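Visitor: fold the following.
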Amino acid sequence: MPPSVEQTGDPKPAPTTTTHAATANSDYKYWAFISYSHSDEQWAQWLHKELETYRVPRRLVGRKNAFGAVPRRIFPVFRDREELPGAFDLGSNLTDALRLSRNLIVICSPRSASSHWVNEEIKLYKSMGREDRVLCLIVDGEPNATDRPALGLPECFPPALRFRVGADGQLTDVRTEPIAADARKGKDGRENSKLKLLAGVLGVGFDELKQREHRRVRQQRLRLAAGVFGSLVLLLFVYVAMADKGFAVPGGGAVRDFFDRHDSSVLRPAREMPEISRAAVTLRRRLFDALAAGRTTEGDLRWIKATLKPSAKLNIETWSHSQSLFAMFRMPEASHEELRTLLPYLEMPFAPGVAVERDGVKYGWTSHQGDTDTLAEPALWTTAALAAALARPGLLDVAERERMLAHLAYTQDVLRLYRPRDNGGWNMFPRQQDPDAANPYTTTLALLTLLEMRHAQLPWEGSAGRRDELLERTAQWLVDDFDETTTPPGWHGTGEGAYETFDGLTLQIYALLLRAQEETGFQVPPAILRNMPRHLARMTERDFTFPIGRAEFSAICIDHERREYTGKEGVGFLWHPWAIEGAERWLRWSEQNVVAPEERVRIRRALGYMVVDLGEEAVRRATADWTFIPAETLHGLTAVKPL
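Guide: Below you'll find the predicted structure:
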């Protein structure tokens, strides 16, 4: 067990508190001592490797610093027992390791904040008069959270970091502000955190080190490219070009892996995120305007048409109407002025005679114009649209908000009918003969709706806890329904489609599970995470001739007239919008997890291809088709964050 981490078995001997005088530079052995909790072992391993393998920029080597001169490499760095010679007195060895270390780096998390041994190591090091050589890497928790207990956040700084330590090794009541790099999400990130720590260890400026590192990496890539292409004959050049393009040549996969690992492909460039984001903003605006132009304005009717096809007859249905409103309220660039013109349209599903009720039972809405049978899908999209509107700060006045909340309570009453079991599965049809025959598509929409409710901080059936319980069960039901044995792995339909994996449905569930993990902490199993990048990377092989999967769902049920009938509904699963959202969310997930760099490049390439290369055609097609297509496309593009 490493002596610089907290362990749970035999107690680690406490380091002695003898104060050591300043050590001459020639007597230092370690450039840094990494102190951490056993639970943060992976962070410690990563930092140890990054420090010891880092090559100091040539122009900095030899520059004078507090320890003499900047070295070529930061080696060795003390992390665990492997650094110590075999000796019986572990406490003495640990004390010597601290004394022989130029710097102390503390990996800060709620685990290390509560670690007795981490605190003791800091106290001992500070008692040697080296408080200015203590550096921190924040990986979890909140600095100085104990000063603000009302926030309910876990502390990440051990006491010895927050207060000065006297020469006797005891804590004083004098506060300190430790030098910290923050690797948490939305903060410095791993790379900048590493450079900040390196700057502290080397005694150079962070900006200077970052600029030099950027120039060095760029120069290394240029030298690598020049060396490769300069040494190859024409035949080798042709071979590499063919392999990079994707031709089936021997060893072609390894060549593509190499270029992707270094983000240096010429024939398969991966677009940068700013370009992708700018393109997404433009496409979103065009789709929003197309849906807005599809509104009816005759009399008191305020519906969004079910089709945008030119010269098509007026076709109105709650399903696509609410789905369109949901996408429009979700668009980040939409102004309050624009969205307020949509508020009367949110009222239409609740107009007299639109929803179906019998004998006090709320059945909801029919799926298409002229139908008499109700489905769960219109109620789910209507709930999602209401949640999206309620989530916009300052959009609604008090009376409008109360009315929308009342509508939301109504849709939740409707949806009770389509959730006869409390196991996470949702039914498409009301009062099914087999209540356990949950529908994967309906359950997918239910997960989206519950995520929207949580995003808007709205309860379900009067309880936020009930909402979160339903959300977790719904996500777990989908996870349990995943089939890894098919090619490609994914989700099946029901009935006649029970043996077919649907590509668009699978991409939609991938996107929503990643969102659930990002927003709620739901853990997506490794088997599913493993298949996501394989599936998403293949989007670059598609265009709009790729077939759209269509499932025919059916179930014997009892309608609002108490008649037994076989409910049937066909659903077309679009791949393009959900692949965009899935790729964007996977890239965000990869920023917080250890992922091969080539995988990130492949998914970014796929995202850029779908947004930048296919975006114009996607909008052109969608704005002259059934309304659910531009609505889903707008929703998928909304996942791409604005600059």
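
Visitor: quick one: neighbours of the closest residue to His262 other than its chain neighbours, just the number.
Guide: Closest residue to His262 apart from its sequence neighbours, by C-beta to C-beta, 6 or more residues apart in numbering: Arg221 at 6.5 Å. Any C-beta I mention is one placed from the backbone N, CA and C, and that applies to glycine too. Arg221 is flanked by 13 other residues according to other C-beta atoms under 10 Å.

Visitor: let me know the secondary structure of Arg221.
Guide: Of the three states, Arg221 takes helix under DSSP: H, G, I helix; E, B strand; the rest coil.

Visitor: these two touch, right, it and Ser264?
Guide: Yes: the criterion here is C-beta atoms under 8 Å, and Arg221 meets it with Ser264 at 6.2 Å.

Visitor: re the thing from before, state the distance from the residue nearest to His262 to Arg261.
Guide: 11 Å (C-beta to C-beta, to the nearest Å).

Visitor: show me the shaky parts of the stretch 101-250 of the chain.
Guide: Filtered on pLDDT under 70, the stretch 101-250 of the chain yields the residue ranges 227-233, 241.

Visitor: ditto for the stretch 401-550 of the chain
Guide: Those would be 497, if you go by pLDDT under 70 across the stretch 401-550 of the chain.

Visitor: where do the helices of it begin and end?
Guide: Here the stretch 401-550 of the chain has its helices, by DSSP state H, counting those that start in this stretch, at 440-455, 464-480, 503-520, 526-537.

Visitor: nearest to Glu272, of the ones you listed?
Guide: Evaluated with C-beta to C-beta, these place helix 526-537 nearest to Glu272, the distance being 17.6 Å.

Visitor: so which of the helices of the stretch 401-550 of the chain gets nearest Leu343?
Guide: Among those, the nearest to Leu343 by C-beta to C-beta is helix 440-455 (17.4 Å).

Visitor: what residues of the closest one count as buried?
Guide: Judged by neighbour count (16 or more other C-beta atoms under 10 Å), helix 440-455 contains these buried residues: 440-454.

Visitor: same for that helix, what does it pack against?
Guide: If contacts are counted by 3 or more C-beta pairs under 8 Å, 6 or more residues apart in numbering; DSSP states H and E, helix 440-455 sits against helix 377-390, helix 464-480, helix 503-520.

Visitor: got phi/psi on Tyr36?
Guide: Tyr36 adopts backbone torsions of phi -160, psi 160, taken as degrees, to the nearest 10.

Visitor: just checking, it touches Gln42?
Guide: No: assessed by C-beta under 8 Å, Tyr36 is found out of contact with Gln42, at 10.0 Å.

Visitor: ok, those two, which is more surrounded?
Guide: Tyr36 (32 against 11).

Visitor: rewinding a little: please identify which of the buried residues of helix 440-455 is nearest to Ser109.
Guide: Nearest to Ser109, judged by C-beta to C-beta, of the buried residues of helix 440-455 is Arg454 at 26.1 Å.

Visitor: against Glu519, how distant is the closest one?
Guide: As judged by C-beta to C-beta, Arg454 and Glu519 stand 7 Å apart.

Visitor: shared neighbours, these two?
Guide: Residues touching both Arg454 and Glu519 (C-beta atoms under 8 Å, 6 or more residues apart in numbering): there are none.

Visitor: now do the buried residues in stretch 170-177.
Guide: Within stretch 170-177, the residues scored as buried using 16+ other C-beta under 10 Å are 171, 176.

Visitor: make residue 1 into 432 and carry on from there
Guide: Noted, 432 is the first residue going forward, which turns the last one into stretch 601-608.

Visitor: ok, the closest residue in space to Ala497 that isn't next to it in sequence to Asp691 distance?
Guide: Among residues not flanking Ala497 along the chain, Gly634 sits closest, at 5.2 Å (C-beta to C-beta, 6+ apart). Computed as C-beta to C-beta, the Gly634 to Asp691 distance reads 37 Å.

Visitor: quick one, which of these two is more surrounded?
Guide: For Gly634 versus Asp691, neighbours defined as other C-beta under 10 Å are more numerous around Asp691 (23 against 18).

Visitor: okay, now the domains of the protein?
Guide: Taking automatic domain parsing as the reference, the chain has its domains at 456-641, 663-698, 704-1069.

Visitor: distance to Ala657 added to these, as CSV?
Guide: Output for those, formatted as CSV (distance: least, C-beta to C-beta, whole Å):
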stretch, distance to Ala657
domain 456-641, 18
domain 663-698, 11
domain 704-1069, 21
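
Visitor: and Arg647, which of those is closest to it?
Guide: domain 456-641 (5.6 Å).

Visitor: can you get me the centre-to-centre distance for the closest one and its chain?
Guide: 29 Å (C-alpha atoms, centre = their mean, to the nearest Å).

Visitor: now swap in stretch 643-654 and tell me
Guide: Counting by C-alpha atoms, centre = their mean, stretch 643-654 is centred 29 Å from the centre of its parent chain.

Visitor: for stretch 710-718, same thing?
Guide: In terms of C-alpha atoms, centre = their mean, the centre of stretch 710-718 is found 22 Å from the chain centre.

Visitor: what is the mean pLDDT for it?
Guide: With pLDDT averaged residue by residue, stretch 710-718 scores 98.

Visitor: what's next to it, contact-wise?
Guide: 758, 762-764, 1042-1043, 1046-1047, 1049-1050, 1053-1054, 1061, 1064-1065, 1068-1069, 1071, 1073.

Visitor: export the helices of the stretch 832-981 of the chain to JSON lines and append columns for distance to Val787.
Guide: Converted to JSON lines, the helices of the stretch 832-981 of the chain look like this (distance: least, C-beta to C-beta, whole Å):
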{"stretch": "helix 871-886", "distance to Val787": "17"}
{"stretch": "helix 895-911", "distance to Val787": "24"}
{"stretch": "helix 934-951", "distance to Val787": "27"}
{"stretch": "helix 957-968", "distance to Val787": "37"}
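
Visitor: so which of these comes closest to Gly572?
Guide: Closest to Gly572 of the helices of the stretch 832-981 of the chain is helix 934-951 (C-beta to C-beta; 19.1 Å).

Visitor: any idea of the angle the closest one forms with helix 957-968?
Guide: Interaxial angle of helix 934-951 relative to helix 957-968 (axes from the mean of the first three to the mean of the last three C-alpha atoms, to 10 degrees): 120 degrees.

Visitor: hmm, back to that, most tightly packed of the helices and strands packed on helix 871-886?
Guide: Of the helices and strands packed on helix 871-886, the one with the most neighbours on average (mean count of other C-beta atoms under 10 Å) is helix 808-821, at a mean of 27.

Visitor: what is that helix packed up against?
Guide: Where contact means 3+ C-beta pairs under 8 Å, 6+ apart, helix 808-821 is packed against helix 749-761, helix 774-778, strand 792-797, helix 829-847, helix 871-886.

Visitor: with distance to Ile536 as added columns, please give the ones you listed in TSV.
Guide: Supplementary listing: the helices and strands packed on helix 808-821 in TSV, determined by distance: least, C-beta to C-beta, whole Å:
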stretch	distance to Ile536
helix 749-761	43
helix 774-778	54
strand 792-797	59
helix 829-847	50
helix 871-886	38
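
Visitor: ranking the ones you listed by burial, who's on top?
Guide: Mean neighbour count, computed with mean count of other C-beta under 10 Å, is highest for helix 749-761 among the helices and strands packed on helix 808-821, reaching a mean of 27.

Visitor: now for that one, which elements pack on it?
Guide: So helix 749-761, by 3+ C-beta pairs under 8 Å, 6+ apart, packs with helix 704-724, helix 774-778, strand 792-797, helix 808-821, helix 1059-1069.

Visitor: make JSON lines out of these and add distance to Phe498.
Guide: Shown next, in JSON lines, are the helices and strands packed on helix 749-761 (distance: least, C-beta to C-beta, whole Å):
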{"stretch": "helix 704-724", "distance to Phe498": "39"}
{"stretch": "helix 774-778", "distance to Phe498": "66"}
{"stretch": "strand 792-797", "distance to Phe498": "72"}
{"stretch": "helix 808-821", "distance to Phe498": "57"}
{"stretch": "helix 1059-1069", "distance to Phe498": "52"}
